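# 3D model of this:
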Amino acid sequence: MKKEKDILLKAKVEDCIKIATLSHRHKFLYFLDPGEQQFCKEILTNIKGIQWEFFGGYEHAERKILCVYSRGEDLTIWEWPITAFHIIPKDNQKDLRHPDILGSLVHLGIERNRIGDINVFPEFIQVFIAEELKDFIVYNLEKISNIPVHVKEIGWDQVMPYSPPFKEIYITSASLRLDGMISSIYGLSRKDSSALIISKKVKVNWTDIEKPSALLKEGDLVSVRGKGRVLVNRVLGETKKGNKKVLIHKFI
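Have a look, this model is predicted:
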């Protein structure tokens, strides 16, 4: 499946290069995760006569749009086909989470690559969407998890910087094997952790991993479908029994 996705993405990038070169137009490829961005960079790096940039609506955005354009041309922030919104719940008694918001957008029929970062703040949610859908969002997104919401388009000067909140947890694991680490982080049996990995519900650095025996290292970002994401922050050493002591950042 990954190979098929890579072939399709490669074709889209090559199409961007062709259009930018022949027509001297800015060609955009919609929201890509960091793994996809890296894949695109490897294709674009050695291509002559073009420029390319990634942008997701704010500094340090995770999901970004790619723009390919002819060398010597300019690209301003106003040309990026991105619209930023603040989504304000009308009932503050329940906290909305990232999966709630993403699920509501997808339920409206919006494709994942038209949705950028979703940043949850205490009083509102900041969302980046493909510009072509801005009116659709305003008129159709009325509720998230049965909570009425007000959708407000914002300007670039109103975009808030964001760092995802996390809590630090300390775990011990027999090794840095993926299945063992997931077991320790989420309190699962090794069998259940392995099943999640084999069923393609685990990504490391935005790439599907299917081998329970895969080894993690410091700086790896691990996402488990339905459970969230963690960062392997630091290996602190070993216990007297030889188990690994690891500091984990668990995103909340």
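# where do the strands sit along the stretch 1-150 of the chain?
27-32, 50-55, 64-70, 82-89, 115-120, 125-130, 143-144, 147-154 (DSSP state E, counting those that start in this stretch).
# Those: which one's closest to Lys244?
For those, proximity to Lys244 was assessed by C-beta to C-beta; strand 115-120 is nearest, at 31.8 Å. The C-beta positions use only the backbone N, C-alpha and C, and glycine is treated the same way.
# quick revisit: how about the strands of the stretch 1-150 of the chain in TSV, adding distance to Asp6, mean pLDDT and mean neighbour count?
Below are these laid out as TSV (distance: least, C-beta to C-beta, whole Å; pLDDT from 0 to 100; neighbours: other C-beta atoms under 10 Å):
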stretch	distance to Asp6	mean pLDDT	mean neighbour count
strand 27-32	12	97	21
strand 50-55	18	96	17
strand 64-70	15	97	22
strand 82-89	25	97	20
strand 115-120	21	97	22
strand 125-130	22	98	23
strand 143-144	33	94	16
strand 147-154	35	96	15
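# What are the buried residues along stretch 6-14?
Leu9, Lys12, Val13 (16 or more other C-beta atoms under 10 Å).
# Now distance to Tyr162 and pLDDT too, for these, in JSON lines please.
Shown next, in JSON lines, are the buried residues of stretch 6-14 (distance: C-beta to C-beta, whole Å; pLDDT from 0 to 100):
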{"residue": "Leu9", "distance to Tyr162": "26", "pLDDT": "95"}
{"residue": "Lys12", "distance to Tyr162": "28", "pLDDT": "96"}
{"residue": "Val13", "distance to Tyr162": "28", "pLDDT": "97"}
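# returning to what we had before: which one of the strands of the stretch 1-150 of the chain lies closest to Ile209?
strand 27-32 (19.3 Å).
# Tell me what angle the closest one forms with strand 50-55.
Strand 27-32 and strand 50-55 are oriented at 30 degrees to each other (axes from the mean of the first three to the mean of the last three C-alpha atoms, to 10 degrees).
# Pull up the pairing partners for strand 27-32, direction included.
Strand 27-32 has the following strand partners under DSSP bridges: strand 64-70 (antiparallel).
# Which residues does the partner strand contact?
Strand 64-70 has contacts (C-beta atoms under 8 Å, 6 or more residues apart in numbering) with 13, 16-17, 19-21, 24-32, 37, 40, 44, 49-56, 75, 79-82, 116.
# got the angle between that strand and strand 82-89?
160 degrees.
# centre of the chain versus strand 64-70, how much separation?
18 Å (C-alpha atoms, centre = their mean, to the nearest Å).
# okay, the angle between it and strand 115-120?
Orientation check (the same axes, to 10 degrees): strand 64-70 against strand 115-120 gives 140 degrees.
# Now do Lys244: how many residues are near it, please.
20 (other C-beta atoms under 10 Å).
# same deal with Ile185?
If you count neighbours by other C-beta under 10 Å, Ile185 ends up with 21.
# In three-state terms, label it for me.
Assigned by DSSP: H, G, I helix; E, B strand; the rest coil, the conformation of Ile185 is helix.
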